[in-house]
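Student: 3D, please:
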Amino acid sequence: MPHPALPAALVLALAMAIATVSILWYVAKRAFPDDVKELQFFLTFIVVVVPFVIVTYFGLAAINYDTIAALAGWPFALPLDSLLSPLILGAVAFYIGQTMWLWWDWRKLRMPR
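Tutor: So this is what the prediction gives:
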């Protein structure tokens with residue numbers, strides 16, 4: 001069982017991932033105003049960009065936690081024991097929530113004004 005500090009690392013990774021995806025979506029909307037309305041662009045963004053951000057931040061959070069755990073004598077988070085580990089559950093919850101938020105914003109872009 002990981003130390004209770006692991007959820008704190010996951011919350012930081014969650015905040016950084018939300019900020020990064022939000023910034024990247026904003027930049028994409030400004031750089032490609034016509035393309036961002038297309039379904040192919042949206043699907044590419046949620047299948048390529050969002051998982052890359054998740055893997056990067058949540059992976060760094062797990063590595064950072066394990067480094068601190070080694071110094072403090074806490075149990076390690078890696079390797080993951082099951083598919084229901086807090087790291088994977090946090091990443092899945094973030095992916096679902098972030099994708100729903102992006103879909104909501106994408107639908108607003110497609111509505112005629």
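
Student: ok, Phe32 - contacts?
Tutor: Contacts for Phe32 (CB atoms under 8 Å, 6 or more residues apart in numbering) come out as Phe41. Heads up, the C-betas are built off the backbone N, CA and C, glycines and all.

Student: Can you tell me how far the residue nearest to the spatial centre of the chain is from Trp25?
Tutor: For the chain, the residue nearest the mean C-alpha position is Ile54 (3.3 Å; CA atoms, centre = their mean). Counting by CB to CB, to the nearest Å, the separation of Ile54 from Trp25 is 14 Å.

Student: Show me which residues of the helix ranked longest in the chain are buried.
Tutor: If you go by DSSP state H, the chain has its longest helix at helix 5-31. Using 16 or more other CB atoms under 10 Å as the test for burial, helix 5-31 gives 6, 9-10, 13-14, 16-18, 20-21, 25, 28.

Student: could you dump these to TSV with pLDDT?
Tutor: Formatted as TSV, the buried residues of helix 5-31 follow (pLDDT from 0 to 100):
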residue	pLDDT
Leu6	61
Ala9	69
Leu10	70
Ala13	80
Leu14	80
Met16	90
Ala17	88
Ile18	89
Thr20	95
Val21	94
Trp25	96
Ala28	95
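
Student: Next, format these as CSV and append distance to Val47.
Tutor: Below are these laid out as CSV (distance: CB to CB, whole Å):
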residue, distance to Val47
Leu6, 28
Ala9, 26
Leu10, 23
Ala13, 20
Leu14, 20
Met16, 21
Ala17, 16
Ile18, 18
Thr20, 16
Val21, 13
Trp25, 14
Ala28, 14
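
Student: rewinding a little: isn't the residue nearest to the centre of the chain up against Ala91?
Tutor: Yes: assessed by CB atoms under 8 Å, Ile54 is found in contact with Ala91 at 5.1 Å.

Student: okay, now the closest residue to Ile88 other than its chain neighbours: neighbour count?
Tutor: Leaving aside its sequence neighbours, Ile88 sits nearest to Leu80 (CB to CB, 6 or more residues apart in numbering; 6.5 Å). Residues near Leu80, counting by other CB atoms under 10 Å, number 12.

Student: In three-state terms, label Leu80 for me.
Tutor: At Leu80 the chain is in coil, as set by DSSP: H, G, I helix; E, B strand; the rest coil.

Student: Many thanks, we can stop here.
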